[in-house]
Every structure is written in structure tokens, then in C-alpha cells.
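Visitor: Okay, predicted coordinates and the sequence, questions at the end:
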Amino acid sequence: MATLRIPVIALIGVALSSLPHALSAQAMSSLQQFWHAGRRDNYAAATAAGKQAAAHAGYAAVRIEGCVLTAPDPGTVPLYQFWSAGRGDNFATTTNILGKGMTNPAGYTLVRIEGYVYSEARKGTVPLNLYYNTQRGDNFTTATPEGAESARRSGYALVAIQGYIPAAGSCQ
């Protein structure tokens, strides 16, 4: 009886090439959602400075949205944190609204980079969605079904997918 021998390396090459991009082995930080009832402002922060600023300003922790990388990696983009004193709005986005050719009618200022998110979906990631409420003038960045439901119930409209992040519970 003849045996069919296929080189293992060929099988591994096929299997690896058919898998979606793997997640980075880089350090990650939890992206925490905060809420300020007085300002009616949602605020997503991943850095220690961002989380301390939220606590200092009287924001209440709501949930972990997912994880962001703490340093740039191939295939990632920065998650910028902006602030508008005129609106009382914190705004986490992958778009540098102060970049070349961008308008800034609400007077946002760049506060920091909260972390880095994947620009394309990868295995183990979920979309990081941006919602906006015109009545409140509030941006709401969320990656969980609970956050999306809260946004819809409160009159927010989906604006864009900002990127993709490892799901909550995946942070190292």
C-alpha cells in the first residue's frame, strides 16, 4: 500500500496564509468608558492620565469597551483624545481633526493619544464605533453591544467605524 506524503511545511504555509492577521503581542490597556451626568458627556480613556482626568473631573466609570495597544504597531493608527471646552465634550477618534485641511468649528484641542487601534478587522477584534448626538453635542466612542444600545436609546447616530480593537477581557 502506497502512502501519500505531503511536506508539513506546505500544509503549514497554506494554513497560516488563510488565517486573518493575528493580534499583536504588544502590551495593551483597557479602553474604559466614563459618563458625566452634569455635562452629559461620554468619555473613553485608556491611558493612566486619561483615567485620572476622568476621576478628577467627576466622571463615573461605566464599562470596559475593549483594549488598545499602548504603542504603535504595523497596521495600527492612533486613537486621539480631543476636548472642547465650548461643548464640554471629550472626543476619542482616529481622525486627527486638527490635521491639514480639517475644520474645527467646535474648538477642540488635542489632549493626548490614548493608544493605538487596528485600521482593519483582525481575528479577535470588534469595531470601535463613533456615535454622535446633535442635541447634546456629544461624541460617544464604543465597542460593546451595551454601548451601542445605550447610544441608540439616547438618540445618538452612528457616524463611523474608527478602527478595530481586541474585545473586552483580552487586555494583557
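Guide: Cool, the structure landed.

Visitor: can we go C-alpha only for contacts and neighbour counts from here?
Guide: Will do.

Visitor: Identify the residue nearest G155 in space, chain neighbours excluded?
Guide: Using Cα to Cα, 6 or more residues apart in numbering and skipping residues adjacent in sequence, the residue nearest G155 is N133, 6.1 Å away.

Visitor: oh, I was asking about A37
Guide: Y59 (7.8 Å).

Visitor: can you pull out the helices in this structure?
Guide: Secondary structure of the chain, counting by DSSP state H: helices at 8-18, 48-56, 145-153.

Visitor: Confidence-wise, which of the ones you listed is weakest overall?
Guide: Note on those: helix 8-18 shows the lowest mean pLDDT, a mean of 34.

Visitor: Who are the contact partners of the residue nearest to G155?
Guide: N139, G155, Y156, A157 (Cα atoms under 8 Å, 6 or more residues apart in numbering).

Visitor: Not counting sequence-adjacent ones, nearest residue to the first one?
Guide: Excluding its sequence neighbours, the residue lying closest to N139 (Cα to Cα, 6+ apart) is Y132, at 4.6 Å.

Visitor: In this structure the one you found contacts Y156, no?
Guide: Yes - Y132 is within contact range of Y156, at 5.0 Å (criterion: Cα atoms under 8 Å).

Visitor: Show me what Y116 is bridged to.
Guide: Y116 has these beta-bridge partners by DSSP bridges: L69, P78.

Visitor: residues near it, how many?
Guide: Neighbourhood size, Y116 [other Cα atoms under 10 Å]: 26.

Visitor: Pretty sure it sits against A71.
Guide: Yes - using Cα under 8 Å, Y116 is in contact with A71, at 6.4 Å.

Visitor: mind checking how far the residue nearest to G155 is from R87?
Guide: According to Cα to Cα, to the nearest Å, N133 and R87 sit 12 Å apart.

Visitor: can you check A55 too?
Guide: Distance of A55 to R87, computed by Cα to Cα: 19 Å.

Visitor: Strands of the chain, residue ranges please.
Guide: For the chain, applying DSSP state E gives strands covering 28-36, 41-45, 60-69, 76-84, 89-93, 109-118, 125-133, 138-142, 157-166.

Visitor: So for the protein, the centremost residue is which one?
Guide: L128 (4.6 Å; Cα atoms, centre = their mean).

Visitor: Which phi and psi values does the residue lying closest to that one once chain neighbours are set aside adopt?
Guide: Closest residue in space to L128, ignoring its immediate chain neighbours: A143 at 4.6 Å, by Cα to Cα, 6+ apart. When quoted as degrees, to the nearest 10, the phi and psi of A143 stand at phi -130, psi 0.

Visitor: A143 and K123, how far apart?
Guide: Counting by Cα to Cα, the separation of A143 from K123 is 15 Å.

Visitor: Brilliant, that's me finished.
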